[in-house]
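Colleague: Can you look at this prediction? I've put the sequence above it.
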Amino acid sequence: MSTVETVVVVGLGYIGLPTAAALADNGVRVHGVDVSVATVDAVAQGRVPFAEPDLADVVHRVVTSGALTASVSTPAADAFIVAVPTPFLDDRSADLSYVRAAAEQVAPVLTGGEIIILESTSPPGTTETLGAWIQELRPDLALAGTATGRPELALAYCPERVLPGRIMVEIVENDRVIGGLTPECAERAAEVYRRFCRGELLLTDARTAELCKLVENSYRDVNIAFANELANVCDELDIDVWRVIELANHHPRVKILRPGPGVGGHCIAVDPWFIVAAAPGRTPLIRAAREVNDARPQAVVDQVLAAVAGRPGVRVATLGLAFKADVDDLRESPAVTVATGIADALAGTGEVLAVEPYVEQLPVTMRNRRNIRLVDLQEAMTTADVVVLLVDHRQFADAAPGPDGPVVIDTRGLWAGTRG
């Protein structure tokens, strides 16, 4: 029988809220905490403040039943899950201020015996740092394994491994890596995840688990960089990159990924820098891949500008602003960077028609530019001189212009081979 009956989830974003909902839907009393009053109010009313398939139904159900509650204050609980942002600073090291703030929220309500689990993507050693912060705030308590005689706290790290758009499936089905400050801490954390996870729970130490999460996303980043660099080469040589990849992938040991306008989201675009910062002299490949992917949006902008050169008053439609298909998540989105870059280059000479079916207004970073408008797909496709497909949303799949239509730059290959 589990001894974890109450859980507090600190951070009700793209990971924290689904985690809270999954626990509450499996017999755990969960309280969600967030610094955003708007987010807390939405969750307390059974609403989800962002788009994610199947999440709204679960949240409504568990809030209605009383299994999930929410507030800006932190109550006592058997377990605490910290799922707050960890962006990078100007020097590309991790900004752990949100983790520190979470420690300050949790520390006052601790009595000893609780398990505190960090889910935020973090550099190796962050779980230990979280423990040190809590000890600093609560010197009357001790961390597990220190044998001080004071009431002990267990600490562990368990990163998410979910894909936006499939979170409610993968949060249950995917294997989880759980790293504790001690083996006993890892087992205590596993007790929490057994309440809703059907995937295998893989126990290790905290630093290994932290690096494992970074390695998973860095591996993907390096492979994406190869595809994006190949796209740059093919653009220069006037060769169809999609045909090259299709043919090369017929080799039994080759599986090249599809290029795009860059890499976005909070994970793949960020996590590799945490490894680089941890071992800067040992990571030339990871750094190079990140630089290739960071430079890819400008390469797409340059490609568009070459297509519109000498065309005053040109209208460029950019299809998609999200960082990936079929979600409303614009975090670190290369599509936003490309659309903004085109608008800046065409200031006074052209207009950008931005299409994003999952948002109702432009992001704040784009609103101060007078030559960007958010329009629907029909207006964009019937009035644009150039169409730039940046996100392969399902709504765009059948919208390819004919051969006599506008100039098309398809960065996702969604329309490859469909334009005659």
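Modeller: Nice, I can see it. Just so it is clear, the structure is predicted and the values come from calculations on it, not from any experiment.

Colleague: drop to CA atoms for contacts and neighbour counts, all remaining ones
Modeller: Noted.

Colleague: Can you show me the helices along this structure?
Modeller: Taking DSSP state H, the helices of the chain run over residues 16-24, 37-44, 55-65, 97-106, 126-137, 167-173, 183-193, 206-237, 241-248, 271-278, 284-308, 334-345, 377-383.

Colleague: Pick the most deeply packed of those.
Modeller: helix 16-24 (a mean of 25; mean count of other CA atoms under 10 Å).

Colleague: helices and strands around it, which ones?
Modeller: If you count contacts as 3 or more CA pairs under 8 Å, 6 or more residues apart in numbering; DSSP states H and E, helix 16-24 packs onto strand 6-10, strand 29-33, helix 55-65, strand 68-71, helix 167-173.

Colleague: quick revisit: pipe the helices of the chain into JSON lines and attach mean pLDDT per row.
Modeller: Converted to JSON lines, the helices of the chain look like this (pLDDT from 0 to 100):
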{"stretch": "helix 16-24", "mean pLDDT": "98"}
{"stretch": "helix 37-44", "mean pLDDT": "97"}
{"stretch": "helix 55-65", "mean pLDDT": "97"}
{"stretch": "helix 97-106", "mean pLDDT": "98"}
{"stretch": "helix 126-137", "mean pLDDT": "97"}
{"stretch": "helix 167-173", "mean pLDDT": "97"}
{"stretch": "helix 183-193", "mean pLDDT": "98"}
{"stretch": "helix 206-237", "mean pLDDT": "97"}
{"stretch": "helix 241-248", "mean pLDDT": "97"}
{"stretch": "helix 271-278", "mean pLDDT": "94"}
{"stretch": "helix 284-308", "mean pLDDT": "97"}
{"stretch": "helix 334-345", "mean pLDDT": "97"}
{"stretch": "helix 377-383", "mean pLDDT": "96"}
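
Colleague: I'd like those helices laid out as CSV, including distance to M366.
Modeller: Compiled in CSV, these are given as follows (distance: least, CA to CA, whole Å):
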stretch, distance to M366
helix 16-24, 28
helix 37-44, 23
helix 55-65, 29
helix 97-106, 26
helix 126-137, 34
helix 167-173, 28
helix 183-193, 40
helix 206-237, 25
helix 241-248, 30
helix 271-278, 25
helix 284-308, 16
helix 334-345, 7
helix 377-383, 18
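
Colleague: wait, which of the helices and strands packed on helix 16-24 is closest to T182?
Modeller: Closest approach to T182 among the helices and strands packed on helix 16-24 is made by strand 6-10 (20.8 Å; CA to CA).

Colleague: In this structure A289 contacts R220, no?
Modeller: No: between A289 and R220 there is no contact under CA atoms under 8 Å: 9.9 Å.

Colleague: How about the contacts made by the nearest residue to R412 once chain neighbours are set aside?
Modeller: In space, and not counting its chain neighbours, R412 is closest to G260: 5.1 Å by CA to CA, 6 or more residues apart in numbering. By CA atoms under 8 Å, 6 or more residues apart in numbering, the residues touching G260 are N228, L390, T411, R412.

Colleague: returning to that earlier point: columns distance to L214 on top of the helices and strands packed on helix 16-24, output as TSV?
Modeller: Formatted as TSV, those follow (distance: least, CA to CA, whole Å):
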stretch	distance to L214
strand 6-10	22
strand 29-33	26
helix 55-65	26
strand 68-71	30
helix 167-173	18
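
Colleague: For V270, which of these is the nearest?
Modeller: helix 167-173 (19.5 Å).

Colleague: what residue ranges in the stretch 301-420 of the chain score low on pLDDT?
Modeller: Filtered on pLDDT under 70, the stretch 301-420 of the chain yields the residue ranges 418-420.

Colleague: picking up where we left off before, which members of the contacts of G260 are the farthest-apart pair?
Modeller: Spatial extent of the contacts of G260 (CA to CA) is set by the pair N228 and L390 at 13.4 Å.

Colleague: Give me the common contacts of the two.
Modeller: By CA under 8 Å, 6+ apart, the residues touching both N228 and L390 are G260, P261.

Colleague: Which pLDDT value goes with the residue positioned nearest the centre of the chain?
Modeller: The chain has H266 as the residue nearest its centroid, 3.5 Å off, counting by CA atoms, centre = their mean. Listed pLDDT for H266 reads 80.

Colleague: D329 is in contact with that one, correct?
Modeller: No: H266 lies out of contact with D329 (CA under 8 Å); the separation is 9.5 Å.

Colleague: so H393 sits right up against D326, yeah?
Modeller: Yes: here H393 reaches D326: they are 5.1 Å apart, a contact under CA under 8 Å.

Colleague: Which positions within stretch 79-93 qualify as buried?
Modeller: A79, F80, I81, V82, A83, V84, P85, T86, P87, F88, S93 (16 or more other CA atoms under 10 Å).

Colleague: would you turn those into TSV with pLDDT?
Modeller: Formatted as TSV, these follow (pLDDT from 0 to 100):
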residue	pLDDT
A79	98
F80	98
I81	98
V82	98
A83	98
V84	97
P85	94
T86	94
P87	90
F88	86
S93	88
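
Colleague: Turn the residues you listed into TSV, columns for distance to L374.
Modeller: Formatted as TSV, those follow (distance: CA to CA, whole Å):
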residue	distance to L374
A79	44
F80	41
I81	38
V82	36
A83	32
V84	30
P85	28
T86	30
P87	27
F88	29
S93	34
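
Colleague: Just give me the closest of the residues you listed to E5.
Modeller: After measuring those against E5 - CA to CA - the closest member comes out as A79, at 8.4 Å.

Colleague: does the closest one have beta-bridge partners, and which?
Modeller: Beta-bridge pairing of A79 under DSSP bridges involves V7, I115.

Colleague: what's near enough to touch it?
Modeller: Listed by CA under 8 Å, 6+ apart, the contact partners of A79 are V4, T6, V7, V8, E114, I115, I116, I117, V192.

Colleague: could you redo the last one with a cut-off of 7 Å?
Modeller: Each residue near A79 by CA atoms under 7 Å, 6 or more residues apart in numbering is listed here: V4, T6, V7, V8, E114, I115, I116.
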